[in-house]
Each structure stands twice: as C-alpha cells, then as structure tokens.
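[1] any chance you can model this:
(one chain, ligands or ions: 1)
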Amino acid sequence: MKHPHLFGPVNSRRLGISLGVDIITPKTCSLDCTYCECGVTTNLTSERKEYVSSKEIISELDDYLSKKPVLDYITFSGSGEPTLNSGLYKIVNHIKTFYPHYKTALLTNGTLFHCEDVINAALQFDLVAPSMDAVTERSFRLINRPASDISLVKMLQSLISFSHKYTGTLLLELFIIPGVNDSDEELAEFKNSITQMKITRVQLNSLDRPGTEKSVVTASPDRLKQIAHYLAPLPVEIISRNVLKTVQNSGPIEETEEKILSLIKRRPVTLHDLSILTALPLEQLSAVISTLEHKGEIKRTAVENNIFFQIRT
Ligand code: SF4
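    Residues are numbered from 1 along each chain as shown. The predicted structure is shown next:
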C-alpha cells in the first residue's frame, strides 16, 4: 500500500525520529509566512474542513504502524496548517486508542486555538509546538500575512488560555528575522506575552534553508544567544541543526528516488540532511539527486554556504 500522506521517518532536529503525517493539501494555510519552506500559500483560509479524508489517513496509518516501526513521534505537519483539517481529532484519537505506545506531536501556527474542536484535538497530543513570530500587528502583517479574519490579539489570548489547560510538552517556536521582529520593543512584547503562558520551553529559530522571500535573512548564532539571554529566566533553547540520530533505511533500493522526492517535496534539504534522513551513502544519494535534477524534478539553491535541493515548480 502507498502512503501519500505519510513521510519519512525523518530525523527531526526537534523531535528525533519522526513519522510525518500531512493532512492538508498543498499549500493551504491560515498564514502566508515570508519564511515558509513550503512556498507561497495558494489557499489562504481559516475554513476548517476535511482537506484530506480522515478515513484515508487512518487507513494509511493502520497499514504503516502494523509493521511496528521504531519512532520517537508521529508528527502532524507538512503542506500547510494541520488544525485546518476538521478530522484532526478523529485521527489523533485513533492513534491514541489503537497505538497508545506512540507519542504524537502537533506542529501548528497557533491561529485556530479559539476553536473548541481544535483545542480538544490539541489536548490529545503528547507535544504541541505552536509558532509565534509576532506580537505586534506590524510584524504579524509583515511576517505572517494572515487570512483576513485571523486576529493577532485573539490568537495570543487563545494560546495563553490553551497553555494553562494543556498538560503535555508545549514548545513555543519563535522565528527570528533580523531587522523585522528583533527590536528591543518587539522582544519586550515577546517576553511579556510568553511570561503569561505555561510553556515547557521557547525554541529560538531562524532561517537555515530557502524560504518564500529572499528578503528574509538568517540571525547569527551570537544574535540568537543575545535574545535567549534577554528572555531569561524563561526556559529558552536555540534549535541547532546538529542534534541528530541515525535512521535505518529498510526500504528496497528502487523506492529511494520516490522517498527522496517525498522528503524534498515537504521542505528544502541539503545532501547532508538527506544522508541522515535516509541513512544512504553519499555516492548513492548524489547519483539519485543527479537523476532527479536531470529529469527536471528538483533544483538546487544556495543559502549561506549550503546547497539546498527543492522541488522545481
Ligand atoms: S510557515 Fe507554517 S504557518 Fe507559515 S505559511 Fe508556512 S505552513 Fe503556514
């Protein structure tokens, strides 16, 4: 059976060995972030519905999990905002009921936590990681470019309220864009808002692979350290690209091309990323990459000193 809505397992820097579940059609989101790795939001909406049928996802999960893979997390993320899928509760509840030994994670932009159904679904997850890139209207419009009915004030209040109900691991991701959301005033507002939340920790992130807009630049490690220091005593960590484990690639070699394409489709990756994600030797990966480039399916882009491979659109 094919699993078009599952990807990986990948070696996620935040979650270890993680099976991705993509329950949204590309690229459907309530935001259109300037740094998005999935490209421009073509369906900017806050409408909740079964963009992908929950029955289909559950049947793929049943087939995949019947082989008892070793996983740190089953992670809902991918081609857009997962909480837009109205079948989210049903799917996570299925995992919790039939595969309780697997931990679940929800990567979300946090815009829909005012909906009762989203809250109930999110409460089922072992880990919830909302992103929060802006606490002022100016930055919110500049960075996140929300759907017309998304309100920053409502979003922040809902996240604060959710954080006090939730008992799992709550990781709040702050994506720093130098010159846009790292002024003294913005950082003071961040600190003020986060102090009102009950979180496990803040994760500071910055661009490390191609995003939508060329104007988004990377924050230096020193700048991220300064910000972490400023946010103290809040628990803060800087997400590093180097915390990785090895994943055994047990699939037959003829599936390699398809597996690599499915990884690149979700986000741009370097050859090094791919070697860790797939546990394949670099020579073999280079050959597959050349073939995919030759076929015109992927392209390479340079960011800082890294070469990223991404889908050619
Ligand atoms: S970064 Fe996340 S929230 Fe922002 S546009 Fe991309 S998928 Fe949506």
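
[2] can you get me a residue count around the spatially closest residue to residue 137 that is not a sequence neighbour?
    Nearest residue to residue 137, sequence neighbours excluded (Cβ to Cβ, 6 or more residues apart in numbering): residue 152, at 5.8 Å. Yep, even glycine has a C-beta here, placed from its N, CA and C like the rest. By the criterion of other Cβ atoms under 10 Å, residue 152 has 18 neighbours.

[3] list the contacts for residue 152?
    By Cβ atoms under 8 Å, 6 or more residues apart in numbering, the contact set of residue 152 is 134-137, 140, 146.

[4] and of these, the nearest to the ligand?
    The ligand lies nearest to residue 146 out of these, by Cβ to the nearest ligand atom, at 9.3 Å.

[5] so who does the closest residue to the closest one other than its chain neighbours touch?
    Excluding its sequence neighbours, the residue lying closest to residue 146 (Cβ to Cβ, 6+ apart) is residue 31, at 5.3 Å. Counting by Cβ under 8 Å, 6+ apart, residue 31 makes contact with 41, 44, 81, 109, 111, 144-147, 150.

[6] next one: residue 5
    21-23, 52, 56-57, 60.

[7] from those residues, which ones fall inside strands?
    Here DSSP state E is the test, and the contacts of residue 5 give residue 21 as lying in strands.

[8] against the ligand, how distant is the residue nearest to residue 115 when sequence neighbours are not counted?
    Among residues not flanking residue 115 along the chain, residue 48 sits closest, at 7.0 Å (Cβ to Cβ, 6+ apart). The gap separating residue 48 from the ligand is 15 Å, by Cβ to the nearest ligand atom, to the nearest Å.

[9] do residue 14 as well
    For residue 14, the distance to the ligand - Cβ to the nearest ligand atom - is 14 Å.

[10] isn't there a strand covering that residue?
    No - according to DSSP: H, G, I helix; E, B strand; the rest coil, residue 14 belongs to no strand; its state is coil.

[11] quick one, what contacts the residue nearest to it when sequence neighbours are not counted?
    Leaving aside its sequence neighbours, residue 14 sits nearest to residue 239 (Cβ to Cβ, 6+ apart; 6.4 Å). Shown in contact with residue 239 (Cβ under 8 Å, 6+ apart): 13-14, 173, 203-205.

[12] again, 7 Å this time
    For residue 239, the contact set (Cβ atoms under 7 Å, 6 or more residues apart in numbering) comprises 13-14, 203-205.

[13] go on, residue 203?
    Contacts of residue 203 by Cβ under 7 Å, 6+ apart are 14, 171-173, 237, 239.

[14] if we use 10 Å, what do you get?
    13-14, 129, 131, 171-175, 235-239 (Cβ atoms under 10 Å, 6 or more residues apart in numbering).

[15] before we move on, what about residue 99?
    Contacts of residue 99 (Cβ under 10 Å, 6+ apart): 61-62, 65-66, 68, 71, 74.

[16] and what of residue 38?
    24, 26-27, 29, 77-80, 211-212, 265-268, 311 are the contacts of residue 38 under Cβ under 10 Å, 6+ apart.

[17] still on that earlier bit, pick the one among the contacts of residue 203 closest to the ligand.
    Closest to the ligand, out of all of the contacts of residue 203 and judged by Cβ to the nearest ligand atom, is residue 131, at 6.5 Å.

[18] ok, the closest residue to residue 130 other than its chain neighbours - how many residues close by?
    Nearest residue to residue 130, sequence neighbours excluded (Cβ to Cβ, 6+ apart): residue 110, at 3.4 Å. The tally of other residues near residue 110 (other Cβ under 10 Å) stands at 24.

[19] check the one 3 residues further on too.
    Other residues near residue 113 number 24, with proximity taken as other Cβ under 10 Å.
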